[in-house]
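Asker: Give me the fold of what follows.
(chains A and B)
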Amino acid sequence: MEYESVIGLEIHTELLTKSKMFCGCSARTFGAKPNTFTCPVCLGLPGSLPVINEKAIEYTLKIALALNCSIPEFTQFHRKNYFYPDMPKNYQISQYDFPLGVEGFLNIEVDGKTRRIGIIRVHLEEDTGKLIHIGGTGRIAEADYSLVDFNRAGIPLVEIVTKPDIRTPEEAKAFMQELRNILLHLGVSDCNMEEGSLRCDANISIRPKNSNLLGTKTEIKNLNSFRALQRGLAYEIERQISLLQSGAQVTQETRHFDAAKNITTVLRTKEEAHDYRYFPEPDLVPMEISRDWINEIKEKLPELPEQRRKRFIETYSLSEYDARILTSSKAMGDFFEECMKSYSNPKSVANWILGEMSAALNEANLGIDECAVTPKHLVELLKLIDKGIISGKIAKAVFSEMFETGKLPQIIVEEKGMVQISDQDALVKIIEQVIAENPSQVEEYKSGKEKVLGFFVGQVMRLTLGKANPQLVNELLRKKLSS
Amino acid sequence: MAISKKEVEHVALLARLALSEEEKEKFTKQLSQVLDHAEKIKKLDTSNVFPTSHVIPLRNVFREDKAKPSFSEEKALSNAPEKENQAFKVPKIV
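Answerer: Residues are numbered from 1 along each chain as shown, chains lettered A, B, ... in the order given. From the prediction side, this is the model:
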């Protein structure tokens, strides 16, 4: 039987506010000494009262609008009650039946096809504290005791829940990438997956292809990189299919993705009656989101990836493909546009960014904004090519050098004597030498085998260490060989 | 009875309350009375009434996004029954 998977994602992203969700403690606590950003509110001390950070509401509304959600007029916070020491209050302030955004969607592109993934809700809550388990391998089940750091507790956290519209691990990855791209364009989160400011869990089940039934699902935690998301889901699909094929059942459970082993393992088997006993947070009055406020935010929304893509195609006459990749990360789009401020050929900038530059970045595992090559470097390099000072081939060598050292291309060219030989007299001498040394190839050329010209160009390039101006060499060779 | 003893045990577990057999019986009865009363109230027609979560007619109480100094390290942990490496130490969770 052919199966298909049904996947829904639950994404959490920390907002880039200055202060926490309900108190004035700094929200920039990553890497800080434990428990150095706490106060009576985020420690849940008796008598303390939370007050809503307006910026966090604004950021969440931005996200909801960017994901095409509608914004209910009435919204409020609820208490989610549970016993787990990651929160000092024994509850987390979250949202329940009146979230800030509902019923949106995000279009993604996979294998040239557009898929619309529904968004069920976008809500705001407070992040929890961090637990460090001591004993055994450091996993909770083996711990002797745990240590709690409340620095993260209370940082504004947005939860985005998709409909189970995702069908493959590749689509899940494309969704996360596009979502991250949008969040970065909005400037509401730094989306650093390694530091946990963007996290992803997935619900997944298997069913016979084209069926409408829903199979028993499992929830996978710790899918905190694009790679983990794709691999964790792929593993889980295979596991569930083989269970069904062997006549067994999928058990509803929460599983943990082990990124080192590329497998998922059981975290919690019995769905211990998740009874969070939600009730409206009595310490916070509800909110009414006026249509004026929404319009104001809409007007302030920055350009989003999809609009940028369209603009790149219209303004710079780029292909759909080039525009799509250039806008797949905000930093890359910014890099391209910065280049275009002082250079006029968009296609050649795009080719370099998507070719040489992307290859080098991949190899070095760096982002475009983390490497030594700046738009200034690239534009200078392109201008050297345009002026005929270096050939395209030499430019590649100059590029690697500037990628390594951060030196400007002009300086590299001068230091290494990479200037292209465009001196006719010098080239003619070399060409004459090549012709003299290869009489049989000369005969072939003269008898009509024009392809041999490539051989001669190669020889000239070899003797000039690649520095000869290729157009000029071609031209001069033709002239000499036909005379 | 509007609530069973089994449900009382479940609620007690969620609230981390260790109840004696006697207490279970007693609370089953008491909680049932409370729920019966709620049933009575539920008979009122409230289809045109928006759920009241707060009695004060206040909306949108916000604060500006400004960071303020936090507790000192010492103060943050001063209520901790046990601590280690500047963190709150808690018993084995599972």
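
Asker: Report all helices and strands that the helix ranked longest in chain A contacts.
Answerer: When chain A is parsed with DSSP state H, its longest helix is helix A:226-245. In terms of contacts (3 or more CB pairs under 8 Å, 6 or more residues apart in numbering or on different chains; DSSP states H and E), helix A:226-245 is packed against strand A:3-14, helix A:169-186, strand A:198-208, strand A:218-221, strand A:254-258, strand A:263-268. No exception for glycine: its C-beta is placed from N, CA and C like everyone else's.

Asker: Buried ones in the longest one, by neighbour count?
Answerer: Think helix A:169-186. For helix A:169-186, burial by neighbour count (16 or more other CB atoms under 10 Å in any protein chain shown) applies to A:169, A:171-186.

Asker: which strands and helices sit next to that helix?
Answerer: Helix A:169-186 packs on strand A:3-14, helix A:54-66, strand A:101-110, strand A:113-126, strand A:198-208, helix A:226-245, helix A:305-316, helix A:330-340, going by 3+ CB pairs under 8 Å, 6+ apart.

Asker: which residues of chain B score low on pLDDT?
Answerer: Residue ranges of chain B with pLDDT under 70: B:1.

Asker: How are the strands of it distributed by residue range?
Answerer: For chain B, the strands defined by DSSP state E cover B:62-63, B:83-84, B:87-91.

Asker: Need phi/psi at the residue of chain B most remote from its centre.
Answerer: Centroid-distance maximum for chain B: B:N85 at 30.7 Å, with CA atoms, centre = their mean. In terms of degrees, to the nearest 10, the main-chain angles of B:N85 are phi 50, psi 50.

Asker: was I right about it contacting A:L147?
Answerer: Yes: the criterion here is CB atoms under 8 Å, and B:N85 meets it with A:L147 at 6.4 Å.

Asker: hey, what's in contact with both of these two?
Answerer: Common neighbours of B:N85 and A:L147, counting by CB atoms under 8 Å, 6 or more residues apart in numbering or on different chains, are A:P34.

Asker: tell me which parts of chain B are close to chain A?
Answerer: B:10, B:14, B:16, B:53-54, B:56, B:58-68, B:70-71, B:73, B:76-77, B:79, B:84-94 (CB under 8 Å from any CB of the partner chain).

Asker: one more time with 6 Å, if that's ok
Answerer: Within chain B, the positions lying close to chain A (CB under 6 Å from any CB of the partner chain) are B:14, B:16, B:53-54, B:58-63, B:65-68, B:70-71, B:73, B:76, B:84, B:86-94.

Asker: Just read off the phi/psi values of the closest residue to chain B within the stretch 351-483 of chain A.
Answerer: Nearest to chain B, among the residues of the stretch 351-483 of chain A, is A:D369, at 25.5 Å (CB to the nearest CB). Dihedral pair for A:D369: phi -90, psi 10, per degrees, to the nearest 10.

Asker: Could I get the contacting residues of it?
Answerer: A:D369 is in contact with A:A331, counting by CB atoms under 6 Å, 6 or more residues apart in numbering or on different chains.

Asker: A:P302 versus that one, what's the distance?
Answerer: 17 Å (CB to CB, to the nearest Å).

Asker: same deal with A:R255?
Answerer: To A:P302, A:R255 is 37 Å away according to CB to CB.

Asker: can you tell me which residues contact the residue positioned nearest the centre of chain B?
Answerer: Nearest residue to the geometric centre of chain B (CA atoms, centre = their mean): B:A15, 7.9 Å. Listed by CB under 6 Å, 6+ apart, B:A15 has no contact partners.
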